[in-house]
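Peer 1: Predicted coordinates and the sequence they were generated for:
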Amino acid sequence: MQSELLELSQIDQMSDCKLSLLLGVSSPRNQIDIFLKMARRILNVESAVWAFHHEPYVWFVTPQGFQAYPANHHLAAKLQSCYTSERCAISPSHPNYPLFSGYLHSHSFDHERLLALNLVVNEKSIGQLVFFDQHAREFDPDDIAQIEVLSEGMLGYIELQFEHTELKDAYEQLAALNFSRTKFFQIIAHDLRAPFHGLLGFTDVLAEELDTLDHASIQNIASYLNDTAKSTYNLLENLLDWAMAEGGRFVYHPINYNLKQSTRIVMDVLRSLALKKNIELIDRVPEDIRIFADINMLTSVLQNLTSNALKFTPVDGTGQVIMSAQVYDQHVELSVTDTGLGMTEQQVYHVFEPRIKTSLKGTAGERGTGLGLVLCKRFVDMNHGEIRVTSKEGQGTTFTVTLPKAQDEHSALPQLQDQLAAH
């Protein structure tokens, strides 16, 4: 055993010792070392071992100091099986003392006496504490009782450390979320203020200088005001949808329906935009594909994806935006593919995050809200589906939505009722 003892500087798996690190095993305030030295003094015993389950090392305190020993999880499991109850101590009066002692002897842990405690937090064993040496005298029962009280206090400290760590992690996550949302709303405020500068400026011109403007100038101003009003309205509408989705105010009403119903609506809505940008908008979704989804949410997703594809597709007459779908065993894959600008790996990585700042101008100067794809992911998640994107700069982008396939030819109201009952 002595040849395998390690100094802390020799340990190469310290990051796997999560509970030990929680107790400062590598710091000057090593709580395990402090506790074991105190307990050895009370029991007047030479050696003490502290072992956490599933950690690569156990911790020794001997007259030579605090050291580590590579854990033997097979031995640990055998020793753990000797406890007759969660909070019992194994001393010479315990029925399994000879078995416990024999296991230690068989692994070269020589001793004449020992005392073992099961370390229990929240009714669950997290490790073992063993005291042993070569003295023949028995441990004093009062000393054993004192060690049990001391170990209970140490386990209470561990439990507090658990809770502190969890609270700290929760606080850091909440702080990061608050910072992110504050930044998000700052960006929103900026994006709302910018178009109003133009609106106010040009309306001032119309109000004060109308008589000096020719028809072409008035037409240009009117077109600008119309485009800006539309993009600002779209931003506000997406903000409202996003807020409702985040607040859980959208109600999920899935039915079995023909996917072509959604693609026809999208074609009707976006056909004029495609013609205006000289882009070929193609619906290749087969007539017989049926899915189980909320028709309003899915139509919104499809419209957002197609509108986004049109936004970033060239207007030189060569561009295409294609809606397609394919049926698999239990799901349907719906894709929207464009031959547009494509995205970088970094843009793909952040594409579903609410980052308005990353929204780019389209091929005709369109302004995006940065929220459309966020809403798409939210709606797809609510429909128990998945959405993914593949893209290559200069070659185009494909968004693929996976949704459940319709299970029968009728409305899915019974299935919906079952789901609501489950919630």
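Peer 2: Okay, I see it. Numbering: from 1, shown residues only.

Peer 1: Would you mind checking the average pLDDT for whatever helix or strand Gln346 lives in?
Peer 2: Using DSSP states H and E, Gln346 maps to helix 345-349. Averaging pLDDT along helix 345-349 gives 86.

Peer 1: for stretch 101-119, same thing?
Peer 2: On average, stretch 101-119 scores 89.

Peer 1: Any idea how far apart the tips of stretch 379-398 sit?
Peer 2: When the termini of stretch 379-398 are compared using C-alpha to C-alpha, to the nearest Å, they are 18 Å apart.

Peer 1: Check what contacts that stretch and list those residues.
Peer 2: 245, 250, 252, 254, 293-294, 297-298, 300-301, 309, 312-313, 331, 335-344, 347-348, 351-352, 376-377, 399-404 (C-beta atoms under 8 Å, 6 or more residues apart in numbering). Yep, even glycine has a C-beta here, placed from its N, CA and C like the rest.

Peer 1: if we can go back for a sec, so which elements touch the helix holding Gln346?
Peer 2: strand 386-392 (3 or more C-beta pairs under 8 Å, 6 or more residues apart in numbering; DSSP states H and E).

Peer 1: is it true that Leu210 lies in a strand?
Peer 2: No - judged by DSSP: H, G, I helix; E, B strand; the rest coil, Leu210 forms no part of a strand; its state is helix.

Peer 1: and the gap between it and Asn226?
Peer 2: Leu210 is 17 Å from Asn226, where distance means C-beta to C-beta, to the nearest Å.

Peer 1: List the ones among the contacts of stretch 379-398 that fall in strands.
Peer 2: 293, 331, 335-338, 399-404 (DSSP state E).

Peer 1: out of these, which one sits closest to Ala175?
Peer 2: Ala175 has its nearest neighbour among these in Phe399, at 32.7 Å by C-beta to C-beta.

Peer 1: okay, now that closest one: neighbour count?
Peer 2: 25 (other C-beta atoms under 10 Å).

Peer 1: Beta-bridge partners for Lys70, please?
Peer 2: For the record, residue 70 is Pro, not Lys. Here Pro70 sits in beta bridges with Tyr57, going by DSSP bridges.

Peer 1: isn't it right next to Pro56, touching?
Peer 2: Yes - Pro70 is within contact range of Pro56, at 6.8 Å (criterion: C-beta atoms under 8 Å).

Peer 1: ok, back up a step: of all the ones in strands among the contacts of stretch 379-398, which two lie farthest apart?
Peer 2: Asp338 and Pro404, at 25.8 Å, using C-beta to C-beta across the ones in strands among the contacts of stretch 379-398.

Peer 1: Tell me the most packed of the ones in strands among the contacts of stretch 379-398, by neighbour count.
Peer 2: In the ones in strands among the contacts of stretch 379-398, the most neighbours by other C-beta under 10 Å go to Ala293, 32 neighbours.

Peer 1: Can you tell me the closest non-neighbouring residue to it?
Peer 2: Asn383 (4.7 Å; C-beta to C-beta, 6 or more residues apart in numbering).

Peer 1: quick one, what contacts Glu280?
Peer 2: Contacts of Glu280 were listed using C-beta under 8 Å, 6+ apart, and they are 274, 319-321.

Peer 1: mind listing which of those are in helices?
Peer 2: Ala274 (DSSP state H).

Peer 1: hmm, which of the contacts of Glu280 are the buried ones?
Peer 2: Burial by neighbour count, 16 or more other C-beta atoms under 10 Å: within those this picks out 274, 319-321.

Peer 1: Pick the one among those closest to Met14.
Peer 2: Closest to Met14, out of all of these and judged by C-beta to C-beta, is Val321, at 54.1 Å.

Peer 1: ok, the residue nearest to the closest one when sequence neighbours are not counted - contacts?
Peer 2: Computed as C-beta to C-beta, 6+ apart, the closest residue to Val321 that is not its neighbour in sequence is Ala309, at 4.3 Å. Taking C-beta under 8 Å, 6+ apart as the criterion, Ala309 is in contact with 321, 336-338, 340, 397, 399.

Peer 1: and of those residues, the nearest to Glu159?
Peer 2: Phe399 (47.3 Å).

Peer 1: What residues does the residue lying closest to Asp133 once chain neighbours are set aside make contact with?
Peer 2: Nearest non-adjacent residue to Asp133, counting by C-beta to C-beta, 6+ apart: Glu46, 3.8 Å away. For Glu46, the contact set (C-beta under 8 Å, 6+ apart) comprises 40, 62-63, 132-135.
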